[in-house]
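Enquirer: just a sequence and a predicted model for now, questions to come.
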Amino acid sequence: MLALRSARLLRASQPLTKVPRRWSNSISQRPGSDRVRFPGAINSKFTTDMAFINPAEMSNIPTYRVMDSDGVLVDKSRKSIDVPKEEILSWYKNMLTVSVMDVIMFEAQRQGRLSFYMVSAGEEGISVGSAAALTPDDVVFAQYREAGVFQQRGFTLKDFMSQLFANRYDNSKGRNMPVHYGCNYPRTHTISSPLATQIPQASGAAYALKLQALQNPNTPPRIVACYFGEGAASEGDFHAGLNIAATRSCPVVFICRNNGYAISTPTLEQYRGDGIASRGIGYGIDTIRVDGNDIFAVYEAMREARRIALRDGGKPVLIEAMSYRVSHHSTSDDSFAYRARVEVEDWKRRDNPIIRLRKWLENEGHWNEDLERDTRDQLRKAVLKEFGEAEREKKPPLREAFEGVYEELTEEAEAQKKELKRILETYPDEYDLHQFEDGVNGL
Amino acid sequence: MASLRLPRLIPRTRRGYSTAASPSSRLNLPIDYKSTPLLHHTSSTLSDTLDLPSSTTSKSLNLYQAINSALRTALSTSNKVMLFGEDVAFGGVFRCSMDLQTEFGSERVFNTPLTEQGIVGFAIGAAAQGMKPVAEIQFADYVFPAFDQIVNEAAKFRFREGATGVNIGGMVVRMPCGAVGHGALYHSQSPEALFAHVPGVQVVMPRSPSQAKGLLLSAIFESKNPVIFMEPKVLYRAAVEHVPSEYYTIPLNTAEVVKPGNDVTVISYGQPMYLCSAAIAAAEKALGASIELIDLRTIYPWDRQTVLDSVKKTGRAIVVHESMINYGVGAEVAATIQDGAFLRLEAPVKRVAGWSTHTGLLYEKFVIPDVARIYDAIKQTLEY
């Protein structure tokens, strides 16, 4: 019954979506027509001019920006930023928080206090600015360099630190590597290390939101936001995800952080087209390229993308946000093995999303040196406090090693758990269990 | 500048993320790679073991340097050899391809875009046209987008081509694998059993630098089949031994009796060989038994005869591997022993392997085999 009802709903909804009509056979071709009506190309004019399209001869997709690197609005004729000052200040503090946390945690990793860390230096504007345009009901699939998305969506320092130290308050129960955060609400799916796997998942999730909205018109309008890097966009899953989102008209916004490097591989060895944005056009997806160092440009593009994604029953949008990875890929990487220090220093000097917004705030009289110093000081103290508490906290009980694979423990896993317990009890001197909640009894 | 002030901001403590072995440990001690009998600490034992002339020169290398040496030897031996993968150009994230692009040029040694299915498919195509591609997958955990290319294409290529005779024998796919202590779900896996289920590919995992060089050169030049070459990444820096400088190969169809014994046979491969060796030393001392240790080296197709001969002699067998026990390599080896040496068995064949779960960050050392568990299995098998 339910299935029937949904089918009817779907049918009823179809006129809402303006899908270009494709013809299934050549009979529909009018005699003497000047254009192609093959099933695979719907409105292509015939030409006698044999011209290959050479992308090198086309002009590149422009980059949308609102303010320049001095924090001054570029278009003097535009209206000012239509966001309350308090909100913009909260974005600024969120970027600062991530940045302060990054510096401390990177150093902490170097001291051996946690096994791994990844900073998002230079990309805070993309994650904070885009997440600022989402509602808490929107769903996020991220990669691993979007701490700012979590911060903007209300993840607390305690949440961050519990995950980083894999203690008993860690949502992932001590199972995941550091920076693989996850949150039930606002739904921000737990980070998975394999690249690009989240992209088709985001399309499927967006389709679910679309169906749920059709089946229950009282649901608030929701989209999926899906983040990935330009390197991940080389994976087959990128193609799969965007193409399926286009064909099923899914309300999903894909945000590509193009930071110039996939570990050591520069974009020149990653692709030869005009960035990632040019591909969106190939999939028939509304696409924009924005200056990722300009939080206003990112925010405005995302806000508009969200509106487009919800229009006409849903459609995907691609945003390519340009930045530069000023950091090493991770704490396991030394990027000076493959790029010059001076290149990085140059970028750091030239542009940075935090400094740019700070300049704007100062120009507007909302910020000054004293506020900057006090805020940084407070943030540093707050991070260190949660750091200390999270590090001292107990680890989850050992049974979490076995649980969660299936909804219920299998008979085999139950036997293995017993066997492990026997080993731990037979050889108590061989295992240090003091960090784990309830020690051997936690099994 | 900011980072200079940090040590003050975060007071240094003894606290660290890795819960090292308990101070009271006797069995689960960190492996001492400087004294393990599994490595050639001097060059004197090399020529006998590897069947090389006594004039062979050698150098002390760790595993990534030995792989690098094998790749350098391969690239200079034949201009059909190509080397590519993600981040290969600057030397690879584990430094296995260091300096090779400079020495052999970017035509044969190059970065690929970030696409495992692309990398393996590219290798298959190049091999089908007569080249010897050595493709690198950055981590075994990330090989799965290429599973279709490996299972449906590489493994079936010769069979499908039939009388055309076309094959992809020159192809090798290298990948670092295994646990390192903090790799969690996606930097710890050893998917050898998944590939060993597929007839048509050879699956190899070396235990040491000298083994790796000989086996890798064999995979590139001697094998006429596609080879999945898995490198235990925890050994890249840890395992150091003398490695012959010249070209040499170790056949892909033979297991090696690494240590002879009479009372029980322990069969393993890759990094757990060191755990087995330590457990055997402790068990021989404490229990007065004589234990044989076999390295499978090639996991599929595997050297059944060497294993069966050993178990027929000892009457007892234990299989040890890091990846999950369920439908793992141990199941195949145990079933083969049961079939081929049933009447000689004095005890059930035991499997010591990863539990049937994922490698949670904090739980790795409880999930994969350690010396204590192997010791316990030896004791139980002897006392059965």
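Expert: That came in fine, so what should we check first?
Enquirer: quick check: the residue of the stretch 301-443 of chain A nearest chain B.
Expert: A:Ala401 (3.5 Å; Cβ to the nearest Cβ). In short, each C-beta sits where N, CA and C put it, glycine included.
Enquirer: check the secondary structure at the residue nearest to that residue when sequence neighbours are not counted for me.
Expert: Using Cβ to Cβ, 6 or more residues apart in numbering or on different chains and skipping the chain neighbours, the partner closest in space to A:Ala401 is B:Tyr363 (3.5 Å). What DSSP: H, G, I helix; E, B strand; the rest coil gives for B:Tyr363 is helix.
Enquirer: number of nearby residues for B:Tyr363?
Expert: Per other Cβ atoms under 10 Å in any protein chain shown, the neighbour tally for B:Tyr363 reads 26.
Enquirer: pretty sure it contacts A:Asn176?
Expert: No: in this structure B:Tyr363 lies outside contact range of A:Asn176 using Cβ atoms under 8 Å: 11.5 Å.
Enquirer: all strands of the stretch 1-150 of chain B, in order?
Expert: Assigned by DSSP state E, counting those that start in this stretch, the strands in the stretch 1-150 of chain B fall at B:58-62, B:81-85, B:109-111, B:132-136.
Enquirer: out of these, nearest to B:Glu256?
Expert: Among these, strand B:58-62 comes nearest to B:Glu256, with 18.6 Å by Cβ to Cβ.
Enquirer: got the buried residues for the longest helix seen in chain A?
Expert: In chain A, with assignment by DSSP state H, the single longest helix is helix A:85-110. Neighbour-count burial for helix A:85-110 flags A:88-89, A:91-92, A:94-109 (criterion: 16 or more other Cβ atoms under 10 Å in any protein chain shown).
Enquirer: which helices and strands sit right next to it?
Expert: Secondary-structure packing of helix A:85-110 (3 or more Cβ pairs under 8 Å, 6 or more residues apart in numbering or on different chains; DSSP states H and E): helix A:124-131, helix A:147-152, helix A:157-164, helix A:295-310, helix A:353-363, helix A:369-392, helix B:6-9.
Enquirer: please identify the deepest-packed of those.
Expert: Highest mean neighbour count of those: helix A:124-131, a mean of 32 (counted as mean count of other Cβ atoms under 10 Å in any protein chain shown).
Enquirer: what's the closest of the strands of the stretch 1-150 of chain B to chain A?
Expert: strand B:109-111 (4.6 Å).
Enquirer: ok, and what's touching that closest one?
Expert: A:264-265, A:269, B:75, B:82-89, B:97, B:100-101 (Cβ atoms under 8 Å, 6 or more residues apart in numbering or on different chains).
Enquirer: also stretch B:37-54?
Expert: Here stretch B:37-54 makes contact (Cβ under 8 Å, 6+ apart) with B:33-35, B:56, B:58, B:207-210, B:214, B:239-244, B:246, B:248, B:250, B:258-259, B:273-274, B:277.
Enquirer: next, the closest residue to chain A within the stretch 201-350 of chain B: secondary structure please.
Expert: In the stretch 201-350 of chain B, no residue comes nearer to chain A than B:Asn326, which is 7.0 Å away by Cβ to the nearest Cβ. Recorded secondary structure, B:Asn326: coil (three-state DSSP).
Enquirer: would you check that my belief about A:Tyr427 contacting B:Leu27 is correct?
Expert: Yes: A:Tyr427 lies in contact with B:Leu27 (Cβ under 8 Å); the separation is 6.8 Å.
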